[in-house]
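Asker: Below is the sequence, then the predicted model.
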Amino acid sequence: MQFPYRTDHQVPLFLAPMAGVSESPFRQMCRRFGADVVVSEFISSVGISLGIERVLAEMRFETCERPIGIQIYGADAQVMATAAGMVTELFEPDFVDINFGCPVKKVVKNNGGSGCLKDMTLVAGIIKAVTDATRLPVTVKIRSGWDEPQRDPVTIARRCEDAGARALTLHPRTRTQMYQGAANWDEIARVVEALEIPVIGNGDVRTADDIMAMRQHTGCAGVMIARGSFGNPWIFAQGRDLLEGRPKRPDPTAEERFATALDHARLALRLQGDTRKTALEFRKHLGWYTKGLPGSAELRQRLFAIESMREAEEVFSEYLFASARSVAA
């Protein structure tokens, strides 16, 4: 069961498409720490088809990010096809991914994302139209259904495969569940059994041990990590250790966390502009990188008040100095 794009390992690890997180700087950090494949933020097919520069900018990537998929969403097959053609010609990613999984209200209200799952004829029509519009492999990301009465991931997945999808990611919750309750990994296992194409498991993968557990539980061809990667690109390297039978490398020290956070920040400044806006938007990453450290609540409070990346560097230096003095005392 081969993926339709190059992967470095038999069981590849994927960075999930997440709005405001899966931007180029973070994708590059995750590739550096062992993500095999990355996917862009989910991007509006309408915005792409209209050529809106702000939307097109979200799809730009650097060579070091390959293999990369650009994920698009929408509920109009022709607009989706137009967008897929533009993505192919303007950016040439390794594959085009269709979002049938996003549960966010502003996406779903126009029947985009998981809203499409209410109409499987629409889903099949979108996949066929996108496949016809691009020379690139087309993949899909789905949920288990719109709601409990319509929960049928195997049937949904088979329809996607029949329509031309070359790989499929399942997040085994319904749209109405949002992120509540536990992801039903048994459903991933059933979809793996039912399909000929590679199936990627997604949902409740918060630690490296979860990566191994999902692979063993479901037999999935790959594992996609979403929120478990927040401030934690090391999850990919640790997960790879376990998948390949090695002892899991230790968690990073505070110094390693801060050094990585600052490397990430420098990438953001280079790619997104050395501006106050970039610094403000980066605050969330700084908070994630410091999660679980001694005194992290106070540390995050200081980081959430920064106006520039230089201030973040000063906060980190003061924290390490105070920690060293505390140990010496």
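Answerer: Here it is on my side, so go on.

Asker: Low-confidence ranges, the stretch 101-250 of the chain, go.
Answerer: 103-112 (pLDDT under 70).

Asker: Now do the helices in it.
Answerer: According to DSSP state H, counting those that start in this stretch, the stretch 101-250 of the chain carries its helices in the segments 105-108, 120-133, 153-163, 185-194, 208-218, 234-243.

Asker: for those, which one ends up most surrounded?
Answerer: Each of the helices of the stretch 101-250 of the chain was scored by mean neighbour count; the highest is helix 234-243, a mean of 22, by mean count of other Cβ atoms under 10 Å. C-beta coordinates here come from the backbone N, C-alpha and C atoms, glycine included.

Asker: Mind giving me the packing neighbours of that one?
Answerer: strand 13-15, helix 208-218, strand 222-225 (3 or more Cβ pairs under 8 Å, 6 or more residues apart in numbering; DSSP states H and E).

Asker: For the ones you listed, give me JSON lines that also has distance to Ser44.
Answerer: JSON lines is the format used below for the helices and strands packed on helix 234-243 (distance: least, Cβ to Cβ, whole Å):
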{"stretch": "strand 13-15", "distance to Ser44": "20"}
{"stretch": "helix 208-218", "distance to Ser44": "30"}
{"stretch": "strand 222-225", "distance to Ser44": "21"}
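
Asker: closest to Glu53 out of these?
Answerer: strand 13-15 (24.9 Å; Cβ to Cβ).

Asker: That closest one: partners in the sheet, and parallel or antiparallel?
Answerer: strand 37-44 (parallel), strand 222-225 (parallel) (DSSP bridges).

Asker: Tell me how far that strand lies from the chain's centre.
Answerer: Computed by Cα atoms, centre = their mean, to the nearest Å, the chain-centroid distance of strand 13-15 equals 7 Å.

Asker: how is the protein carved up into domains?
Answerer: Using automatic domain parsing, the domain ranges for the chain come out as 13-243, 254-328.

Asker: Minimum distance to Pro4: which of those domains has it?
Answerer: Between the domains of the chain, domain 13-243 lies closest to Pro4; by Cβ to Cβ that is 3.5 Å.

Asker: centre of the chain versus stretch 145-154, how much separation?
Answerer: Per Cα atoms, centre = their mean, the centroid offset for stretch 145-154 relative to its chain is 23 Å.

Asker: ok, and what's touching it?
Answerer: 114-115, 117-118, 142-144, 156, 170, 172, 174-176, 187, 190-191, 194 (Cβ atoms under 8 Å, 6 or more residues apart in numbering).
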